[in-house]
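# pasting the structure only:
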């Protein structure tokens with residue numbers, strides 16, 4: 001069985017008379033995104049501070065790769081700490097320093113790289129995080145979303161093995177929020193670090209998380225995947241989900257997975273058609289950036305919400321896929337509906353993307369945005385996962401638009 005990268009065993013932490021962690025047990029595995037959720041004041045930040053070594057447990061133990069941290073030699077502890085990076089909730093950027101100097105700071109403090117090597121590394125990260133044009137500016141001159149990107153660039157500049165994110169998207173609008181989360185997922189895959197997040201941004205955070213930990217009354221009430229979380233009927237989980245007020249998907253305006261599942265359960269005795277829409281998110285993000293990819297998804301979600309709202313219901317199935325269920329509509333009628341919808345996408349929605357994202361598109365870009373759709377028919381005996389698999393197998397492109405931006409030769 002795989003040894004956890006970080007493990008808490010019966011960890012207790014008290015502050016005066018208040019017990020914040022009360023026998024917390026958790027396991028965090030390497031090369032995954034683990035998200036810690038829970039009510040405000042539940043002790044999520046206290047957990048992170050134990051991982052990074054800012055706090056020590058009153059009772060219990062913390063292990064790194066199976067070895068108790070308290071038994072590590074100073075040299076071992078220093079090596080462990082050197083693998084960690086931290087992205088603070090409020091960014092913690094230095095207003096008196098330029099963006100370049102903020103990103104470069106960890107390299108100057110912890111490495112012996114030359115000035116030229118630091119410059120190359122900083123500019124490489126700045127380009128990857130889409131802040132290269134702002135390296136000479138100061139944090140106060142940047143939007144909230146740009147400040148988050150700078151903070152993320154600084155957290156990744158030392159090529160850490162573990163990155164801790166404390167509410168990384170606080171205060172951002174839905175598109176910028178999802179842009180940061182998308183970048184975290186993208187760079188985790190690219191650089192191979194382990195990500196540990198605290199977040200209230202539900203359900204957005206679930207689309208990038210490999211494992212969810214629910215902290216409740218000082219203990220870990222649940223650990224597992226998002227799908228397992230939704231299937232498990234546990235009083236603390238039910239109470240937590242109900243406290244979130246419906247879990248509407250802010251980015252697209254569509255139903256959350258929880259609301260979608262509840263609506264679907266009402267139609268188990270009904271013949272349905274399902275359509276899975278796909279914008280090929282990863283490819284789009286690689287070519288045009290995460291912000292543009294999410295703008296496309298936002299526009300698609302809004303259009304579907306208006307178009308099929310009276311006939312069915314939809315949810316964001318994954319980061320770039322939207323699932324629509326059409327009760328009482330046979331597959332032939334669904335095909336006609338999708339054909340009509342495709343014309344609207346082609347003539348109305350995709351051309352709008354050019355205007356929405358023009359400032360984000362690099363000069364000289366010429367790239368096709370396409371929307372694919374797959375259809376399937378189902379009934380009362382079919383699980384939704386089976387219908388999704390059938391729809392995914394039948395996907396084909398239904399609308400395509402060429403995004404382009406000429407190079408200004410003046």
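Received it, and whenever you're ready, just let me know what you need. Everything numeric here is computed off the predicted structure, so don't read it as measured data.
# Three-state assignment for residue 31, please.
coil (DSSP: H, G, I helix; E, B strand; the rest coil).
# Okay, domains of this structure per the record?
Under the assignment automatic domain parsing, the domains of the chain span 6-242, 257-404.
# Export the ones you listed as a markdown table, with columns for mean pLDDT.
What follows is the domains of the chain, written out as a markdown table (pLDDT from 0 to 100):
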| stretch | mean pLDDT |
| --- | --- |
| domain 6-242 | 89 |
| domain 257-404 | 85 |
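# quick one: which of those domains is nearest residue 250?
The minimum distance between residue 250 and the domains of the chain falls on domain 6-242, with 4.0 Å, by Cβ to Cβ. C-beta here means a position set from N, CA and C on the backbone, and glycine is covered the same way.
# quick one, what contacts the most centrally placed residue in the chain?
Residue closest to the average C-alpha location in the chain (Cα atoms, centre = their mean): residue 181, at 3.5 Å. Neighbouring residues of residue 181 by Cβ atoms under 8 Å, 6 or more residues apart in numbering: 168, 169, 201, 204, 205, 207, 208.
# cool, residue 130 as well?
Each residue near residue 130 by Cβ under 8 Å, 6+ apart is listed here: 149, 289, 290, 291, 360.
# Give me the subset of those that lies in helices.
149, 290, 291 (DSSP state H).
# how close does the spatially closest residue to residue 171 that is not a sequence neighbour get to residue 67?
Among residues not flanking residue 171 along the chain, residue 144 sits closest, at 5.6 Å (Cβ to Cβ, 6 or more residues apart in numbering). Residue 144 sits 40 Å away from residue 67, taking Cβ to Cβ, to the nearest Å as the criterion.
# what's the following helix or strand after the helix or strand hosting residue 391?
Assessed by DSSP states H and E, residue 391 sits inside helix 384-393. Note on helix 384-393: by DSSP H and E, the next helix or strand toward the C-terminus is strand 396-404.
# what's the offset of that next one from the middle of its chain?
Centre-to-centre, strand 396-404 and its host chain are 25 Å apart (Cα atoms, centre = their mean, to the nearest Å).
# go on, stretch 129-146?
That offset, for stretch 129-146, works out to 21 Å (Cα atoms, centre = their mean).
# Look at it and report the distance between its end residues.
9 Å (Cα to Cα, to the nearest Å).
# quick one: buried residues of that stretch?
Using 16 or more other Cβ atoms under 10 Å as the test for burial, stretch 129-146 gives 129, 130, 131, 132, 134, 135, 138, 139, 142, 145, 146.
# now do stretch 55-62
55, 57, 60, 62.
# In strands, which of these appear?
60, 62 (DSSP state E).
# Farthest-apart pair in the buried residues of stretch 55-62, please.
Maximum pairwise distance in those, criterion Cβ to Cβ, is 12.3 Å, between 55 and 60.
# Tell me which stretches of the chain form helices.
Counting by DSSP H, one finds helices in the chain at the ranges 44-52, 74-82, 99-110, 115-128, 144-156, 174-191, 226-231, 235-242, 257-265, 281-288, 290-308, 331-344, 350-357, 384-393.
# looking at those, which is buried most?
Ranked by mean neighbour count, these are led by helix 144-156 with a mean of 23 (mean count of other Cβ atoms under 10 Å).
# And that one, what does it pack against?
Secondary-structure packing of helix 144-156 (3 or more Cβ pairs under 8 Å, 6 or more residues apart in numbering; DSSP states H and E): strand 84-87, helix 99-110, helix 115-128, strand 162-166, helix 174-191.
# okay, the domains of the chain in a markdown table with distance to residue 251 next?
Listed next are the domains of the chain as a markdown table, based on distance: least, Cβ to Cβ, whole Å:
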| stretch | distance to residue 251 |
| --- | --- |
| domain 6-242 | 4 |
| domain 257-404 | 6 |
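# And those domains: which comes nearest residue 249?
domain 257-404 (5.2 Å).
# Centre of the chain to that closest one, how far?
The answer for domain 257-404 is 19 Å, by Cα atoms, centre = their mean.
# and if you look at stretch 109-116?
With Cα atoms, centre = their mean as the basis, the mean position of stretch 109-116 lies at 32 Å from the chain mean.
# Give me the contact list for it.
Counting by Cβ under 8 Å, 6+ apart, residues outside stretch 109-116 touching it are 82, 107, 118, 121, 158.
# And those residues, which two are furthest apart?
Among these, the pair separated by the greatest distance (Cβ to Cβ) is 82 and 118, at 17.3 Å.
# now for stretch 47-62, what's the gap between its first and last residues?
Stretch 47-62: ends 11 Å apart by Cα to Cα.
# contacting residues around residue 160?
Going by Cβ under 8 Å, 6+ apart, residue 160 touches 83, 84, 85, 193.
# how close does the residue lying closest to residue 279 once chain neighbours are set aside get to residue 142?
The shortest distance from residue 279 to any non-neighbouring residue, by Cβ to Cβ, 6+ apart, is to residue 320 (4.9 Å). Plainly put, residue 320 is 27 Å away from residue 142 if you go by Cβ to Cβ.
# One more: residue 83?
Distance from residue 83 to residue 142, by Cβ to Cβ: 29 Å.
# So residue 198 is in contact with residue 169, correct?
No. Under the criterion of Cβ atoms under 8 Å, residue 198 makes no contact with residue 169, lying 10.8 Å away.
# Show me which of the two is the more surrounded one.
Remark: of residue 198 and residue 169, residue 169 carries more neighbours, 25 against 22, as counted by other Cβ atoms under 10 Å.
# and that one, how far is that from residue 40?
Distance, residue 169 to residue 40, using Cβ to Cβ: 16 Å.
# same deal with residue 230?
Computed as Cβ to Cβ, the residue 230 to residue 40 distance reads 22 Å.
# just to revisit the earlier point, closest one to residue 90 among the helices of the chain?
Between residue 90 and the helices of the chain, the tightest spacing by Cβ to Cβ is seen for helix 144-156, at 9.0 Å.
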